[in-house]
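Asker: pasted the sequence and its predicted model underneath.
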Amino acid sequence: MGFGDIKSPAGLKVLNDYLADKSYIEGYVPSQADVVVFEALSSPPPSDLFHALRWYNHIRSYEKEKSSLPGVKKPLGKYGPAEIEDTTAADSKAAAEEDDDDIDLFGSDEEEESEEAKRIKEERLAQYEAKKSKKPALIAKSSILLDVKPWDDETDMAKLEECVRSISMDGLLWGSSKLVPVGYGIKKLQIQCVVEDDKVGTDQLEELITGFEDFVQSMDVAAFNKI
C-alpha cells in the first residue's frame, strides 16, 4: 500500500484519486490515519486536486484535536491504495493464470509443439478471453459541491444538514460539510457528495433537498468535477 512520494505531483494525484469516493483515509470518521497523511504534506494540495484539497482543509479543522482522534498511527506507507505486483516468472503456471500480462499465448518458436503444449496454450487463451469479457465497465462519477441556503438566521442548521444527509439513493455518497457565513448572521451549508452520473443528477438532488421546505430556501451547485 502507499501513495508513493506524497509531496510530488504524482503522489498528490494518487491521494486525490484515492479520496474521490472517500471522506477519510480510513473508515467513516477522522482518525490517526488522516493525521499521519496530513502531517506528511508540507502544504495544501493544488486547487485542481479537488478531493485532496477538500480532505486537507477538513482535517486541518481538527488541528487542536488531532491527538485525541481515534486509531493508532502507522507508517505512511501503510495507508493508501494497494499496489499491484507485476509477476514475470515465465516458468510459473500460477503466474500465467493469475496475470494477463504474463500469459504465454504462443509458447516457444524454437520447439515443436506437442499435443499437451497445444492443449495448455488453448486453455490459457480461453482463460485470457474469459477474463477480458468479465472486466466491469467503467462507471462515470462526478464530485459535486452543493450550497444549501436556509430561510434565515433562526433556521436550525444541524437539523437542515440532518435532512440533507437523510437523502439516500443508489449511486449517491455524502462527504464532508461545513457552514459558511453569507451575511446578516445567516450561514449556508456547503456539503460535498460523489454521484454515479447514470443514477443521480443535480436536478434530482435539488428537488429532493428543496423538498425540506421548512429548512431549505434554495440549493446551488458550487462546484462540479468529473472523476
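Answerer: Noted; the coordinates are in hand. Numbers count the residues shown, from 1 in each chain.
Asker: any stretches of the protein with poor pLDDT?
Answerer: For the chain, applying pLDDT under 70 flags the ranges 1, 83-113, 132-137.
Asker: in it, which spans are helices?
Answerer: For the chain, the helices defined by DSSP state H cover 9-18, 32-40, 50-60, 93-98, 115-134, 157-165, 202-209.
Asker: can I get these in JSON lines including mean neighbour count and distance to residue 182?
Answerer: In short, each C-beta sits where N, CA and C put it, glycine included. JSON lines is the format used below for the helices of the chain (neighbours: other C-beta atoms under 10 Å; distance: least, C-beta to C-beta, whole Å):
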{"stretch": "helix 9-18", "mean neighbour count": "17", "distance to residue 182": "28"}
{"stretch": "helix 32-40", "mean neighbour count": "19", "distance to residue 182": "28"}
{"stretch": "helix 50-60", "mean neighbour count": "20", "distance to residue 182": "19"}
{"stretch": "helix 93-98", "mean neighbour count": "14", "distance to residue 182": "55"}
{"stretch": "helix 115-134", "mean neighbour count": "12", "distance to residue 182": "50"}
{"stretch": "helix 157-165", "mean neighbour count": "16", "distance to residue 182": "12"}
{"stretch": "helix 202-209", "mean neighbour count": "16", "distance to residue 182": "17"}
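Asker: okay, the ones you listed in JSON lines with distance to residue 2 next?
Answerer: Shown next, in JSON lines, are the helices of the chain (distance: least, C-beta to C-beta, whole Å):
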{"stretch": "helix 9-18", "distance to residue 2": "9"}
{"stretch": "helix 32-40", "distance to residue 2": "10"}
{"stretch": "helix 50-60", "distance to residue 2": "15"}
{"stretch": "helix 93-98", "distance to residue 2": "22"}
{"stretch": "helix 115-134", "distance to residue 2": "27"}
{"stretch": "helix 157-165", "distance to residue 2": "32"}
{"stretch": "helix 202-209", "distance to residue 2": "35"}
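Asker: wait, which of the ones you listed is closest to residue 142?
Answerer: helix 202-209 (8.9 Å; C-beta to C-beta).
Asker: contacts for the closest one, please.
Answerer: Here helix 202-209 makes contact (C-beta atoms under 8 Å, 6 or more residues apart in numbering) with 144, 146, 148, 163-164, 167, 169, 172, 193, 195, 216, 219, 221, 224.
Asker: let's see that with 10 Å instead.
Answerer: 142, 144, 146, 148, 160, 163-164, 166-167, 169, 172, 189, 191, 193, 195, 200-201, 215-216, 218-221, 224 (C-beta atoms under 10 Å, 6 or more residues apart in numbering).
Asker: run the angle between it and helix 157-165 for me.
Answerer: Between the axes of helix 202-209 and helix 157-165, defined by axes from the mean of the first three to the mean of the last three C-alpha atoms, to 10 degrees, the angle is 130 degrees.
Asker: heads up, I number from 39, so please use that
Answerer: In the new count, where the first residue is 39, that last one comes out as helix 240-247.
Asker: centre of the chain versus helix 240-247, how much separation?
Answerer: 22 Å (C-alpha atoms, centre = their mean, to the nearest Å).
Asker: put the alpha carbons of it into PDB.
Answerer: Extracted in PDB, the C-alpha atoms of helix 240-247 (Å, rounded to 0.1, in the frame of the first residue of the first chain):
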ATOM      1  CA  THR A 240     -28.200  17.700  -9.900                       C
ATOM      2  CA  ASP A 241     -31.800  18.400 -10.800                       C
ATOM      3  CA  GLN A 242     -32.900  15.300  -8.800                       C
ATOM      4  CA  LEU A 243     -30.800  16.400  -5.800                       C
ATOM      5  CA  GLU A 244     -32.200  19.900  -5.900                       C
ATOM      6  CA  GLU A 245     -35.800  18.600  -6.000                       C
ATOM      7  CA  LEU A 246     -35.200  16.400  -3.000                       C
ATOM      8  CA  ILE A 247     -33.200  18.900  -0.900                       C
END
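Asker: all set now, cheers.
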